[in-house]
Every structure is written in structure tokens, then in C-alpha cells.
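In: With the input below, show me the fold.
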Amino acid sequence: METYEQAKLELAHDPDVTRTLAVCSASHRFCVELIRREVRRLGGTPSNVSGIWGGFATLLEGAGGADRVVGRRATVVALDRGEDYCHQDYEYGLDALSPQTQNFVQREVIPRQGHVHDLVRRLRQRLSTRLAVRGPSRRRANSTATA
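Out: Modelled structure (predicted):
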């Protein structure tokens, strides 16, 4: 979820992109809450660790937190790869789950994650087309000119 918040900062110039990222972020928050509730229902304690997504957020945020270290294209590529990883993680992890939990993940989580994955993939394609037409971002062009 932090990854999507960082991406919204990087891509804030485009309201359509910001709305898409907000939908993705909300879907992830919803799935996290569903999974936490299911873990509690089964008698467990939900984890508060963001896992791989926290790593993506750190990458997008930059070492000091003030400067983002990647551009628009790399931001969306990172989101897309993160969604690929997430999808594979759900699919490959199913065998380790009880039949009841497999059903929960297949019914509640995977369809939502698949929808987000599709949104990010389309966003990546749309931005790649726009960026290819426009050329490098202004920030990159300015940093090259001043270097």
C-alpha cells in the first residue's frame, strides 16, 4: 500500500493515473483487511510486515525519503513487477493452504489482485505509449542539462 502512495507522489501530474493508483491502493487495503480478518478467524495473529511491497516503497521513496530515485516509467514498471510477484505468490502458495483457506484466497483475494494487476498493466502500457511520444521527462531533461 505504501508503494501506491509513493507512486501517486511520482505520478501526481496526471489525475487519471492518480485515480487508477487510488483504486489499486484501496483494493490492496481491502485485501489486507480481508486476510487479517481470516487469520484472526482461524485463531492466528496477522502480520504487520509489508514484505516485498515495503521494499518497493523504499525503492520509490529513495534512501533519504525526500528524493525519489526513479522516474515515472520505472515507478509503473516497479508496480507491475510487484503485482506479478504478488500474483505468483498467491498462485504458488495455494498448495500449502488448507482447502478452506484455498477457497477463501481463490474466492476473495485472487480476483481482486487480478483486477489490480490488470489496471497496473494497462497503466504501464498507456504511460509507456505517452512517454515514448513525449520523450524523457522534464526532470530528467533538466538534470541532464544542468549536469
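
In: show me where the protein has helices.
Out: With helices called from DSSP state H, the chain shows them at 2-10, 15-41, 52-61, 72-93, 99-104, 110-134, 138-146.

In: of all these, which gets the most neighbours per residue?
Out: helix 2-10 (a mean of 20; mean count of other CB atoms under 10 Å). Bear in mind the C-beta positions are built from the backbone N, C-alpha and C, glycine included.

In: Find the residue ranges of this structure scoring beneath the pLDDT cut-off.
Out: 1-2, 49-70, 130-147 (pLDDT under 70).

In: can you rerun that using 50?
Out: Along the chain, the parts satisfying pLDDT under 50 run over 63-69, 138-147.

In: so Glu108 touches Leu34, yeah?
Out: Yes - Glu108 is within contact range of Leu34, at 5.4 Å (criterion: CB atoms under 8 Å).

In: which residue packs closest to the most centrally placed residue in the chain, ignoring adjacent ones?
Out: By CA atoms, centre = their mean, the chain has its centre lying nearest to Leu79, at 4.3 Å. Distances taken as CB to CB, 6 or more residues apart in numbering place Val120 nearest to Leu79, at 5.0 Å, with adjacent residues excluded.

In: one step back: for the residue nearest to the centre of the chain, what are its contacts?
Out: The neighbours of Leu79, taking CB atoms under 8 Å, 6 or more residues apart in numbering as the test, are Thr3, Tyr4, Ala7, Cys24, Phe56, Val120, Leu123, Arg124.

In: how about TSV for those, with distance to Phe104 added?
Out: Below are these laid out as TSV (distance: CB to CB, whole Å):
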residue	distance to Phe104
Thr3	24
Tyr4	24
Ala7	28
Cys24	21
Phe56	25
Val120	23
Leu123	28
Arg124	29
